[in-house]
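A.B. asks: I would like to see how this sequence folds:
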Amino acid sequence: MAWHHDHNAHAKKQASFKNGSVYVLCRIQIGFIEFTVNWRLYLREQTVKHLNKGRAQAERLTFRSKYLLAQDMLAELQPYLPSDWTVYVLFDSWYASEDLIRYIHGQGWHASGGLKSNRTLNGKQLKAWFAEQRPTPAKRLTVPAADGTHTTYRVYVLKGRLKHLPFDVCVLISRRHPGDKSPAYFFTTDLSLSPTRVLEKYGQRWGCEVDNFDLKVRLGLADYQMKKLAGILRWHATVFLALAHLQWRRVRLLARQPHGPVQSVPDVIALHQHEHLTGFVKAVAEAALQAGSVCSVLKRFLKPARAAT
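C.D. replies: Modelled structure (predicted):
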């Protein structure tokens, strides 16, 4: 639909761009209950201007940045969350804007996420803090991963205020090994969390990446050739609805059998396909028993082949 910067490209010295559509999804997790509850299609400002050409005033689109799309979805979700719940909003560094963090804090929620190295803490950029802390011993934290393995990180812990935010945060500078010159930066507004818990909570974001993979690879979200905005929106709505159904089935199965064979969306897809195959084979067998003729069953279930011309 438009050319977008590819944040997943490994080339650091040269920017990479891909032609397609970009979306923002909102995912909720309560124990084993996990759902992608909302999504928004992101349109570049130039794309919005192009689409607005020839449109009536009442039909014109309004440009919304990615962080505003995320805020819109959080605002829609807010009335459904009990006021006595402790809520953590997790996001990567691309969404860590001061406005979004301030909005989350204003709802009485906690924000946790990644940060860019040029963000300013207590008047100094994080990369400058890293250069200052680098000669000193770092804390060694062992954090469990989603696959059951454990990874040890070397972490520097800082506390203070990010630029333009009126409240304190905890910032972690995390290195994978002693020679790591490009550490990752994380933060949380919950100052009561231990550094290990901050990293563990950020790791729960992995569910978003799994949903993105399932949407694109398992359900074919990117497999469309429409150019009209209305068609693209309908396709996205259809695919996200399919994901919601699969996640609903997963939760129901886990509620009945927490340690059963179905643990993920691909497991539910495999179960769904098996159920359809079982139903088809059963229908064929019952028809054969009733008709007593193989030919009549073939005519009922198989379409005649057409010769190519």
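A.B. asks: could I get the full set of strands for the stretch 151-300 of the chain?
C.D. replies: 169-175, 184-188 (DSSP state E, counting those that start in this stretch).
A.B. asks: which of the ones you listed sits closest to residue 100?
C.D. replies: Nearest of the strands of the stretch 151-300 of the chain to residue 100, taken as CB to CB: strand 184-188 at 12.5 Å. Every residue, glycine included, has its C-beta placed from N, CA and C.
A.B. asks: average pLDDT for that closest one, rounded please.
C.D. replies: Across strand 184-188, pLDDT averages out at 97.
A.B. asks: and it, what other elements does it pack with?
C.D. replies: strand 110-115, strand 169-175, helix 195-203 (3 or more CB pairs under 8 Å, 6 or more residues apart in numbering; DSSP states H and E).
A.B. asks: which residues does the second one contact?
C.D. replies: The contact list for strand 169-175 (CB atoms under 8 Å, 6 or more residues apart in numbering) reads 115, 121, 126, 129-130, 133, 138, 153-162, 183-191, 193, 195, 198-199.
A.B. asks: can you give me the helices in the stretch 1-150 of the chain?
C.D. replies: Per DSSP state H, counting those that start in this stretch, the stretch 1-150 of the chain carries helices over the ranges 45-52, 66-77, 98-106, 126-133.
A.B. asks: and the residue nearest the centre of the chain?
C.D. replies: Centroid check for the chain by CA atoms, centre = their mean gives residue 208 as the closest residue, at 2.5 Å.
A.B. asks: the residue lying closest to that residue once chain neighbours are set aside - how many residues pack around it?
C.D. replies: Nearest residue to residue 208 in three dimensions, chain neighbours excluded: residue 27, at 5.3 Å (CB to CB, 6 or more residues apart in numbering). As a burial measure, residue 27 scores 20 neighbours (other CB atoms under 10 Å).
A.B. asks: wait, what's in contact with residue 27?
C.D. replies: Contacts of residue 27 by CB under 8 Å, 6+ apart are 34, 35, 36, 37, 207, 208, 211.
A.B. asks: then residue 228?
C.D. replies: Contact analysis of residue 228 by CB under 8 Å, 6+ apart lists nothing.
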